[in-house]
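1. please work out how this folds:
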Amino acid sequence: MGDIKQLLQGKKFSSIDEVNALLQQHMQKQSQTALEDFQGLSPDQMHRILHFPFSSPELATIPEKLTVVSDPPIVKAFMLLADGIGETGIKPTATGNLPRQFCRDVAKAYLGDEEYVRWSKYGELKSEPEFRELHITRLVAEMAKLVKTYKGKFILSKECRTLLSNEGTDPARQMRTPC
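-> So this is what the prediction gives:
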């Protein structure tokens with residue numbers, strides 16, 4: 001309002017249409033001016049990115065494949081889970097979790113021997129939920145239909161086995177491949 005008051009101050013208008021035209025021109029200039037708060041985008045551009053992100057390729061592009069090779073922890077945990085399940089599957093506990101010894105073996109491989117010793121200095125791993133990284137990975141893998149329960153065992157789905165056989169077991173390569 002202060003900007004508008006300053007813009008109109010000292011000017012004489014012969015009609016309301018002249019005032020509206022001046023205000024319209026001012027508002028258009030404001031909405032097309034880059035703002036530091038928007039990382040150099042104008043309010044118009046910000047509006048388009050927020051409301052029409054896929055119709056604004058000149059503002060932002062979404063790559064079809066990741067160009068940065070990353071090694072997220074969930075990929076490491078999933079590969080250990082998939083290797084452990086293998087072709088024969090793993091029988092869950094009565095509570096529906098992965099067996100204790102399997103969880104301990106995965107935790108040792110995931111954390112490394114030294115970190116596992118420090119991690120378990122107050123007691124050995126007793127159940128899957130205690131090793132959150134593996135527990136969350138299994139739950140996400142089930143939701144993604146990469147792991148399922150069949151005939152009382154955790155198994156890798158057909159799609160997961162196909163993906164792993166086509167792409168190998170390189171987690172960085174898998175992350176670049178669209179599923």
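2. which residues touch the closest residue to residue 99 other than its chain neighbours?
-> Closest residue in space to residue 99, ignoring its immediate chain neighbours: residue 93 at 6.0 Å, by C-beta to C-beta, 6 or more residues apart in numbering. C-betas here are computed from N, CA, C, even on glycine. Applying C-beta atoms under 8 Å, 6 or more residues apart in numbering, one finds that residue 93 lies in contact with 99, 100, 127, 128.
3. widest-spaced pair of those?
-> The most widely separated members of the contacts of residue 93, counting by C-beta to C-beta, are 99 and 127 (9.5 Å).
4. which pLDDT value belongs to the residue nearest to residue 99?
-> You'll see residue 93 listed with a pLDDT of 94.
5. now the spatially most central residue of the chain: how far from residue 14?
-> Closest to where the C-alpha atoms of the chain average out (C-alpha atoms, centre = their mean) is residue 72, at 10.6 Å. Using C-beta to C-beta, to the nearest Å, one gets 66 Å for the distance from residue 72 to residue 14.
6. cool, residue 34 as well?
-> As defined by C-beta to C-beta, residue 34 lies at a distance of 34 Å from residue 14.
7. who has more neighbours out of the two?
-> Neighbours of residue 34 and residue 14, each counted by other C-beta atoms under 10 Å, are more numerous for residue 34; the result is 11 against 7.
8. and residue 33, how close does it get to residue 24?
-> Noted for residue 33: a distance of 15 Å to residue 24, by C-beta to C-beta.
9. could you pull out the buried residues of stretch 146-163?
-> By neighbour count on 16 or more other C-beta atoms under 10 Å, the buried set for stretch 146-163 is 146, 147, 154, 155, 156, 157, 160, 163.
10. residues contacting it, please?
-> Outside stretch 146-163, the residues within contact range by C-beta under 8 Å, 6+ apart are 78, 81-82, 85-86, 88-92, 98, 138, 141-142, 145, 164, 174, 177, 179.
11. filter the residues you listed down to the buried ones and hand me the PyMOL line.
-> Paste this into PyMOL to select the buried members of those, with burial taken from 16+ other C-beta under 10 Å:
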select buried, resi 78+81+82+85+89+92+98+138+141+164+174
